[in-house]
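Q: Let's see this in three dimensions:
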Amino acid sequence: MNKTELIAAIAADTQLSKADAGRVLDSALDNLTRTLARGEAVQLIGFGNFTVASRAERTGRNPSTGEPMTIKASKAPKFTAGKALKDAVNAPA
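A: As a prediction, the model looks like this:
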């Protein structure tokens, strides 16, 4: 499912127009992004948790030359599925 298909499904489920459903989805994703950018977690009960994980600076290798190089420290978004989502995915078809 891509974003367009998700918007169409939201519109069908909520009786909103596709334009309104698109704005709702964009707003939800923007708020999720802004919250994670501040270093805060987002918890959606029954779905999962979005958090920010810190990655330490480390040494890697340039794949084309084999030379060692330093990979800068960074932050990465992390998602942990909730029990209800895991159960739904593992339910027999």
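
Q: what ranges do the strands span in the protein?
A: 42-44, 48-55, 58-61, 68-71, 74-81 (DSSP state E).

Q: The third one - what's its average pLDDT?
A: Confidence over strand 58-61, taken as the mean pLDDT, stands at 95.

Q: Repeat that for the fourth one.
A: For strand 68-71, mean pLDDT rounds to 95.

Q: Could you check the pLDDT of the residue most central in space within the chain?
A: Nearest to the geometric centre of the chain sits residue 79, at 6.3 Å (CA atoms, centre = their mean). We have a pLDDT of 97 for residue 79.

Q: That one touches residue 48, doesn't it?
A: Yes. Residue 79 is within contact range of residue 48, at 5.7 Å (criterion: CB atoms under 8 Å). All C-beta spots, glycine's among them, are computed from the backbone N, C-alpha and C.

Q: residue boundaries of the helices in this protein?
A: 3-14, 18-37, 83-90 (DSSP state H).

Q: Kindly reformat those as a markdown table containing mean neighbour count.
A: Below are those laid out as a markdown table (neighbours: other CB atoms under 10 Å):
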| stretch | mean neighbour count |
| --- | --- |
| helix 3-14 | 13 |
| helix 18-37 | 13 |
| helix 83-90 | 11 |
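
Q: closest to residue 53 out of those helices?
A: Closest to residue 53 of these is helix 18-37 (CB to CB; 10.5 Å).

Q: So which elements touch the closest one?
A: Helix 18-37 sits against helix 3-14, strand 42-44, strand 48-55, with contacts defined as 3 or more CB pairs under 8 Å, 6 or more residues apart in numbering; DSSP states H and E.
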